[in-house]
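# Quick one, what's the 3D model for this:
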Amino acid sequence: MKKYIILIIAFLFSALCLNVFGQTKQFPFEVLKTGNGDQSIIFIPGFASSGDVWNETRATFENKFTCYTLTMAGFAGSKPQPNASFENWKTGIANYIKENKIEKPIIIGHSMGGGLALAIAADYPDLIGKIVIVDALPCLAAMTDPAFKSKENNDCSPMVAQMTAMNETQFYEMQKQTMPRLLEDKSKLEMVVDWSVKSDRATFGQMFCDFYNVDLRNRIAQIKCPALILLESYFINLKPTIEDQYKNLKTANFQYATNGLHFIMYDDTAWYLEQLSIFLK
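I've put the predicted structure just below:
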């Protein structure tokens with residue numbers, strides 16, 4: 001009898017160790033891995049977007065690259081996680097690269113995903129091979145306030161409360177009115193609106209507030225890798241202001257789209273893919 005008790009205790013201890021030490025590391029995003037190239041690309045979508053925003057881009061390059069397409073936790077129907085913040089997401093992506101031994105990946109980020117790409121390349125300058133920034137700025141708030149200074153303790157609870165208080169109809173209508181200012185291709189509008197509607201409201205409010213408080217204008221001086229900056233067509237009218245924000249990024253190559261709005265991959269697809277092809281070579 002004593003022998004059986006010892007065996008049971010040993011079994012339970014083994015199960016406990018497997019549970020504690022064998023857990024899969026949780027990262028603040030879902031990952032779709034495709035392709036099988038020697039060089040890797042990490043795709044980071046923008047605010048409240050699905051990784052599906054990269055479908056056409058990924059299909060173009062996955063025959064030559066290993067592609068990691070992210071959907072950030074809480075966005076576009078993905079399961080939310082606690083402690084969502086720009087810095088936590090930046091660290092999570094960097095840790096994923098290191099733990100999966102992805103050597104010098106190319107990061108392609110749209111909008112907030114572009115901000116994350118800049119932050120990763122700045123804070124981990126030896127980790128990244130190249131970055132492509134698709135219509136993102138080092139400091140969004142500085143477009144309306146050039147003297148903007150990031151708040152050290154930014155309270156996002158009012159924004160979270162505002163977003164979570166809206167009913168489904170109100171939130172849908174807000175997104176339906178917003179998206180035509182960001183996307184010209186009407187065939188994609190309902191899909192992009194749906195990504196926002198399926199996003200976790202608390203994450204939506206938290207990250208909207210947190211990202212607006214981000215200022216990378218000085219940090220980007222630490223970036224060593226080549227950087228392609230793709231900007232929507234209207235920004236050519238703000239060229240001095242835009243490029244002043246990027247003045248500390250010495251490796252920047254600026255290209256301005258010829259058509260469309262914020263979702264350049266949909267609104268000026270041929271131009272966008274051509275710019276990527278040239279840069280990735």
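# Quick one: mean pLDDT over stretch 108-123.
The average pLDDT for stretch 108-123 rounds to 98.
# Stretch 200-214 too?
Mean predicted lDDT for stretch 200-214 stands at 98.
# which residues touch it?
Around stretch 200-214, the neighbours that count as contacts under CB atoms under 8 Å, 6 or more residues apart in numbering are 47-48, 72-75, 80, 84-86, 112, 115, 119, 139-141, 150-151, 154, 156, 159-164, 166, 171, 196. C-beta here means a position set from N, CA and C on the backbone, and glycine is covered the same way.
# Repeat the analysis, applying 7 Å as the threshold.
The set of residues external to stretch 200-214 that reach it, using CB atoms under 7 Å, 6 or more residues apart in numbering, is 47-48, 74-75, 80, 84-86, 112, 115, 139-141, 150-151, 154, 156, 159-160, 162-164.
# Stretch 121-128 now?
By CB under 7 Å, 6+ apart, the residues outside stretch 121-128 that reach it are 90, 94, 97, 104-105, 107, 120, 131, 216, 219-220, 222-225.
# of the contacts of stretch 200-214, buried ones?
47-48, 74-75, 80, 84-86, 112, 115, 139-141, 156, 159-160, 163 (16 or more other CB atoms under 10 Å).
# Please narrow those to those residing in helices.
86, 112, 115, 159-160, 163 (DSSP state H).
# want to throw those residues into a markdown table with distance to D52?
Below are these laid out as a markdown table (distance: CB to CB, whole Å):
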| residue | distance to D52 |
| --- | --- |
| F86 | 22 |
| M112 | 16 |
| G115 | 20 |
| M159 | 26 |
| V160 | 26 |
| M163 | 23 |
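# that's a strand at K224, yeah?
No. Counting by DSSP: H, G, I helix; E, B strand; the rest coil, K224 is not found in a strand; it is coil.
# ok, now how distant is it from E190?
Here K224 is placed at a distance of 41 Å from E190 (CB to CB, to the nearest Å).
# again, but for L238
According to CB to CB, L238 and E190 sit 30 Å apart.
# mind listing the helices for the stretch 51-200 of the chain?
55-61, 86-99, 112-123, 157-165, 168-178, 186-197 (DSSP state H, counting those that start in this stretch).
# Which residue comes closest to K98 once chain neighbours are left out?
Using CB to CB, 6 or more residues apart in numbering and skipping the chain neighbours, the partner closest in space to K98 is L127 (7.1 Å).
# do L249 as well
I220 (4.4 Å).
# what do you get for P146?
In space, and not counting its chain neighbours, P146 is closest to T241: 8.0 Å by CB to CB, 6+ apart.
# Neighbours of N213, how many?
Neighbour count for N213, taken as other CB atoms under 10 Å: 18.
# and if you look at T258?
Counted with other CB under 10 Å, T258 comes out at 12.
# ok, now the one 3 residues further on?
Counted with other CB under 10 Å, the neighbours of L261 add up to 20.
# I figured it hits P180, correct?
No. Contact criterion CB atoms under 7 Å: L261 and P180 do not qualify, at 8.6 Å.
# if we can go back for a sec, pick the most buried one from the helices of the stretch 51-200 of the chain.
Across the helices of the stretch 51-200 of the chain, the average number of neighbours (mean count of other CB atoms under 10 Å) peaks for helix 112-123, which reaches a mean of 26.
# Just want the angle from that helix to helix 86-99.
For helix 112-123 against helix 86-99, the angle by axes from the mean of the first three to the mean of the last three CA atoms, to 10 degrees is 70 degrees.
# which SS class is E30?
Strictly by three-state DSSP, E30 counts as strand.
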